[in-house]
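Enquirer: using only what follows, build the 3D model:
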Amino acid sequence: MRAVIVILLCLCTTQAFSQFYKDYDWAKKPKLHKLSDKEANESSIAIMEKYMVEYVVPKFGNELQKFETTHTIARVHDEKGIKTHNTVYISMYDVINIVDIKARTITPDGKVTLLNKDNIKEVKNVEEYGDFKIFAIEGAEKDSEIEVLYTLEKEYSAFGRETLQKSYPIKKLEYDFIYGKLPGRTKVYNAFTDFDNRTYNKREGKQLVLEDIVPMIEEEYATPDSNKIYVAFQCFGPGTQVTDDMLWSNVVTNITEGMFPEKVNPEITKIVAGILKDQKTDAYTKAYLIDDYVKKNYTIVKNNNSQLSEIDYIIKNKSASDLGIIKVYSHLLEAAKVEYMPVITSDVYEHKFDSEFFNPTALREFLIYIPEAYNYITPNRVDYRLSEIPPNILGNTGIFVNNKKQFSFYKILQKDQDYSRVVRNMNISFEDEMEYVKINQNQEYYGHWAMNNRAYLNLAPEQAVKEFEDYLTGSGIEDKVVKKYETANKEMLQLEYNKPFLVSSTITSESLLEEAGESYIFQVGKVIGTQSELYQETERINPIQMQYPNRYNYEIVVTIPSDYEIEGLESLIIKKELLDEEGNQKCKFESNYKLDGNKLTITIEEFYKEFEYEITEYEGFREVINAASDFNKAAILMNPKE
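Expert: Got it, this is the predicted structure:
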C-alpha cells in the first residue's frame, strides 16, 4: 500500500513540475518601476502585461486541461488612470476552477496593500456578457502601481483569441502559449513582431514579446476594434493531425446543413406562388420579393430553442434563429428556382476574417449571395433589401458555399462603384427686399443612401422621423423654415434596381444673409448642410475605412438681384484630390462657379472611388474631407451697384 502511495506522489510531482503556471509568481519585494518623463505624463501606463495559456495532458482522464494566467502591473498618475485600473473584472465564462487570485498596490512611499479575498464578489450576467468575479483595488493613489495576478482552469477548447491592445499604453507585453507535445499553432495580428519558440519547464511553447504598444483610440473613418493587436491559437489532442482546410470544411458542412433542401416544404411552394404572382421571372426580382416577404413576416429570435432551426416549426410560428432564417430563404429561393450561395463572414468593424487561420469566432454574419443579380440578401438586417453588400461587411473575406457544399474564400467587394451617390440641384433667390433667402431643392439619393433613408422613414419612431426632416432639407441652418417638403419612392419595396429616393423641398432662412452696411454677406456654403471634418491633432493610428464608395454632385444656381454685384467668388474655387501612383484620382472635392449675367452657377463634385486607404494616404484623404467643410464656410459679398 505504501508503495502505491509513493508512486502516486511521484506522478503528482511530475505533473506539477510540468505545469509552468505553478512556478510563476510575482516579485517578493515589489518596487516602483522607473519611467521616462513621457510615460510619467500618461494618465496610466501598463508597465507589464503578461498572459499565459497552458495546455496540459492530465495523468488521469482523457480531457485536456487548460490554464490561463494573467499578470499585470500598471502605474496610475491621476484620477482617470486610477478609475481605469482600480476595478478588476474576471470573466467566469468556461471557468472550471479559480486556481488563485491576488492583487496588491504599491504607493510612492513603498506601502504595500494586499487584496482581501473576502472582497471578491460574483456578479451575474454583467451587461449580458455573462458572470464575472469583481473586486476593487484597495490603497490606490496617484503615482502608485497596481499589480494583479490570477490563474483560471478553463474548459478545454481547441481555439482561442485574445485582444492585447488597450485604451492605455503598454510598456511591455508578453504572451506565452505552452502546449508541450500537443499540436499547437499561434498567429499574431496587427503587429510587426511574431512568436518565438521557447521551452517552459522542458515543455514546448511559443512566446510573443511586444514593447511600447500605443493605445487604440476611436478615430473617424476607421475600424479600431478589428485593428487592435490580438493573437489567435489552436491546440488539439495528442497525435491529432488536422489542417485549416479540414476545419473549414467541417464547419461549412455543419453550418449549411439544411440550406440546400433536396425537397422543398410543400407550404413553401404555396407561399412562393403568392409572392411571385404576376411578377417578372428574373433572379433579381424574385430574390427581392422573397427578401421583402421574409422580413415582413418572420422574426429572428436569439435563444437556444433548437426548434428555431427546424423548417416546419419556423413556417408555422414565423420565428427562427440566425441559421433557421437562412433555411427559410433557401427553401423559398429553391422553390423560385433562383441560384443562391450562403456566405459566412464577420462584421468588418469587429473582426477581419482570415481564411488562412481557422478561428470560429470569425463566423458571426450570414449572407445569401444571388450570383445572377450580383447582390446580397442580409437576413438579419430588417432595414435592408436585396442590394450591394452592407457597409459593415464590405471589404471582409467570406466563405461562399455552393449547392454541392464546395466552398471558396473571396473578399466581399462592391460591384458597382457608383451604387451610392447623391445628386442635389438648388435654385436660390432673395425675397422681400433682401429679408431672407429662399431655396428650392431637389435631391436624389441612390444605393445605401436610399436604403438608409427609406428604412429610417419606415421603421423609426414618429418623433425621430420628424427630426429626420431637418437632415433632408439642409442641416445646420439654424432658423430654417420649411415651406415645402415632399418625398417620393420612400417605400421599402422597390423592384427597380437602385431606384432613387427623392426629396423636393422649399426652405427660407434669414440667417444665411447678413447685413454689412448697404451690402449683404451671403453664407452660400451653408446650403450644402453640415459636413464632416478631420482636424485630428494626434498622430493617426488606423488606416482609413469608409463605409462604402460614394459620390456627390451638386448644382447651385443663385439669382443675384439685378441692382447688386458680387465679390469674393474666389472662395468658391476649391480643389483637393488624392492620386494613386499612376496619377489616377482616388478621391476628390472640386467646386467652381460660372457667372452669366445675374446667374451664379456653382458646381460641386466630390467622390471616393475606394473605401479603403492606407495610413500613408491619410493627409491627402483628410484634405479632401476637409475641403467640403471649408466650402461650408464659404461666403460671397453682394454690393449695391453704383
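
Enquirer: which stretches of the stretch 351-500 of the chain form strands?
Expert: Ranges of strands in the stretch 351-500 of the chain, per DSSP state E, counting those that start in this stretch, are 365-370, 375-377, 397-401, 407-411, 421-431, 436-445, 481-488.

Enquirer: can you tell me which of those strands is most buried?
Expert: Most buried of the strands of the stretch 351-500 of the chain by mean neighbour count (mean count of other CB atoms under 10 Å) is strand 375-377; its value is a mean of 25. Placement of C-beta: from N, CA and C, glycine included.

Enquirer: now distance to Thr223 and mean pLDDT too, for the strands of the stretch 351-500 of the chain, in TSV please.
Expert: As requested, these are arranged in TSV below (distance: least, CB to CB, whole Å; pLDDT from 0 to 100):
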stretch	distance to Thr223	mean pLDDT
strand 365-370	14	96
strand 375-377	20	97
strand 397-401	14	96
strand 407-411	15	96
strand 421-431	23	96
strand 436-445	25	97
strand 481-488	32	95
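
Enquirer: for Gln547, find the nearest of those strands.
Expert: Gln547 lies closest to strand 421-431 among the strands of the stretch 351-500 of the chain, at 13.4 Å (CB to CB).

Enquirer: each with direction, which strands does that closest one pair with?
Expert: strand 436-445 (antiparallel), strand 550-559 (parallel) (DSSP bridges).

Enquirer: poorly predicted segments of this structure, please.
Expert: For the chain, the stretches with pLDDT under 70 are 1-18, 128.

Enquirer: mind checking how far Ser562 is from Lys599?
Expert: To Lys599, Ser562 is 11 Å away according to CB to CB, to the nearest Å.

Enquirer: wait, Asn201
Expert: 84 Å.

Enquirer: kindly report the same for Asp291.
Expert: For Asp291, the distance to Lys599 equals 46 Å [CB to CB].

Enquirer: cool, Lys576 as well?
Expert: Distance from Lys576 to Lys599, counting by CB to CB: 27 Å.

Enquirer: who has more neighbours out of the two?
Expert: A count of neighbours by other CB atoms under 10 Å puts Lys576 above the other of Lys576 and Lys599, at 20 against 11.

Enquirer: hey, what's the more buried one bridged with?
Expert: Lys576 has these beta-bridge partners by DSSP bridges: Phe589.

Enquirer: that one: what's it in contact with?
Expert: Lys576 is in contact with 588-590, 623-624, 626-627, counting by CB atoms under 8 Å, 6 or more residues apart in numbering.

Enquirer: the residue nearest the centre of the chain - nearest residue in space that isn't next to it in sequence?
Expert: Nearest residue to the geometric centre of the chain (CA atoms, centre = their mean): Tyr349, 1.9 Å. Nearest non-adjacent residue to Tyr349, counting by CB to CB, 6 or more residues apart in numbering: Thr223, 4.8 Å away.

Enquirer: pull the contacting residues for that neighbour.
Expert: For Thr223, the contact set (CB under 8 Å, 6+ apart) comprises 348-349, 352, 542, 545.

Enquirer: ok, so of those residues, who is nearest Pro183?
Expert: Distance to Pro183 across the contacts of Thr223 (CB to CB) is lowest for Lys352, with 25.1 Å.

Enquirer: what's the burial count for the closest residue to Phe409 other than its chain neighbours?
Expert: Spatial nearest neighbour of Phe409, chain neighbours left out: Ser355 (4.0 Å); criterion: CB to CB, 6+ apart. Ser355 has 17 neighbouring residues, counting by other CB under 10 Å.

Enquirer: quick one, phi psi at Arg185?
Expert: Dihedral angles of Arg185 (phi, psi; degrees, to the nearest 10) stand at phi -140, psi 150.
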